[in-house]
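Visitor: Kindly return the folded structure for what I paste below:
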Amino acid sequence: MNIRDLIQRVRNRFKPHEELSNEAVLGFLRVLEEARVDELSCAEIYSKLDEYVECEIDCKDAAHVMPLIREHLDLCAECCEEYEALLDVMEHMNDTGNEQVHSGKSAL
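Guide: Okay, here's the model as predicted:
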């Protein structure tokens, strides 16, 4: 089965008996090609994960600022686990630092 047949089968479920044009198939293929160009590897994610977490902790919309990282985290369970662990540690450190400042103790 080629990509054209697959797209046609999906489309037929919604609007049966309409032929998919070559332009539409080429459009789908262009979108698929571009999606792979922007994809980040796990190694690239690991190198930027601390920056992403800091951005998120600073109450910025990290997913908007770094959308490729967010997309990768949504798809990759291993990177998402690393992200969640780092986020927990950073939030805990942030909370501990705030408690010490409020109690008059040095955070260092």
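Visitor: what about the residue nearest in space to the middle of the chain, distance to Leu29?
Guide: The centroid of the chain falls nearest to Glu71 when counting by CA atoms, centre = their mean (1.7 Å). The gap separating Glu71 from Leu29 is 20 Å, by CB to CB, to the nearest Å. Heads up, the C-betas are built off the backbone N, CA and C, glycines and all.
Visitor: Mind naming the longest helix for the chain?
Guide: The helix that spans the most residues within the chain, counting by DSSP state H, is helix 77-103.
Visitor: and that helix, what other elements does it pack with?
Guide: Applying 3 or more CB pairs under 8 Å, 6 or more residues apart in numbering; DSSP states H and E, one finds that helix 77-103 contacts helix 42-57, helix 67-75.
Visitor: how about low-confidence regions in the chain?
Guide: 1, 14-18, 34-38, 97-108 (pLDDT under 70).
Visitor: how is it carved up into domains?
Guide: 3-37, 42-103 (automatic domain parsing).
Visitor: just these: most buried one?
Guide: Neighbour counts (mean count of other CB atoms under 10 Å) averaged over each of those peak at domain 42-103, with a mean of 14.
Visitor: just how off-centre is it within its chain?
Guide: For domain 42-103, the separation from the chain centroid amounts to 12 Å (computed by CA atoms, centre = their mean, to the nearest Å).
Visitor: quick one on the thing from earlier: out of the helices and strands packed on helix 77-103, nearest to Glu23?
Guide: helix 67-75 (27.3 Å; CB to CB).
Visitor: For that closest one, which outside residues touch it?
Guide: Under the contact criterion CB atoms under 8 Å, 6 or more residues apart in numbering, helix 67-75 has outside partners 38-40, 42, 45, 48-49, 52, 62-63, 79-80, 83.
Visitor: mind checking how far Asp50 is from Arg13?
Guide: For Asp50 relative to Arg13 (CB to CB), the value is 44 Å.
Visitor: and what of Pro67?
Guide: 30 Å.
Visitor: Span of stretch 53-69 from start to end?
Guide: Distance between the two ends of stretch 53-69: 11 Å, counting by CA to CA, to the nearest Å.
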